[in-house]
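Asks: sequence and predicted structure below; questions after.
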Amino acid sequence: MKYSISLLILGVLAGTIIMHTIQGKALDKLYWEKENLKVELYETREQLKKIQEQHKSLLPALIEKIELEITMEEDSFVEPDLKLRIYDLVKEVLGQEIQALPYPLLFNLLHERIVQMEGKQFRLEVEAIIIGKTLVYYLKVKKISAEDLP
């Protein structure tokens, strides 16, 4: 009886060792395959980043933001409503291709423009324009009276 039990235990151990050896090779193969796939995934992501950067550089640059730098002639406070009305005059430029915009139009859009608001009138004078993804207007604003109008 002891002999039969010892043969049974020996058979189970031998079977386990053989099964572990066979499965171990398969597990090693799967492990290395997983590591190779990680490397391929990293390489593919890096290639995708490069392609996306190249694609962005091929697209035309667009105006994404407009900033208004306003100085009042009398050094008074710039009213938020005035800034809003001026912004309304230039907001159509957002999303336009920078290279396709006629530069004199950007200047003449606000230069010597009269903006009326709540019974007050303001004359805009464009001092400078910076054209890029952010379009920046440097404006000098003068409050005018009805007698100053032509």
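Replies: Perfect, I can see it now.

Asks: so for this protein, the centremost residue is which one?
Replies: E64 (9.7 Å; CA atoms, centre = their mean).

Asks: distance-wise, check that residue relative to V93.
Replies: 11 Å (CB to CB, to the nearest Å). All C-beta spots, glycine's among them, are computed from the backbone N, C-alpha and C.

Asks: same deal with I5?
Replies: 92 Å.

Asks: same check on L37?
Replies: Distance, L37 to V93, by CB to CB: 48 Å.

Asks: between the two, which is the more surrounded one?
Replies: Remark: of L37 and V93, V93 carries more neighbours, 16 against 10, as counted by other CB atoms under 10 Å.

Asks: separation between that one and I22?
Replies: When V93 is compared with I22 (using CB to CB), they lie 71 Å apart.

Asks: and I98, by the same measure?
Replies: 66 Å.

Asks: host element of I66?
Replies: strand 65-72 (DSSP states H and E).

Asks: tell me how far whichever helix or strand comes after that strand lies from the chain's centre.
Replies: With elements assigned by DSSP H and E, the helix or strand that comes after strand 65-72 is helix 80-90. Computed by CA atoms, centre = their mean, to the nearest Å, the chain-centroid distance of helix 80-90 equals 25 Å.

Asks: packing partners of the longest helix along the chain?
Replies: Scanning the chain for the helix with the most residues, using DSSP state H, yields helix 2-58. Other helices and strands packing on helix 2-58, by 3 or more CB pairs under 8 Å, 6 or more residues apart in numbering; DSSP states H and E, are absent; none qualifies.
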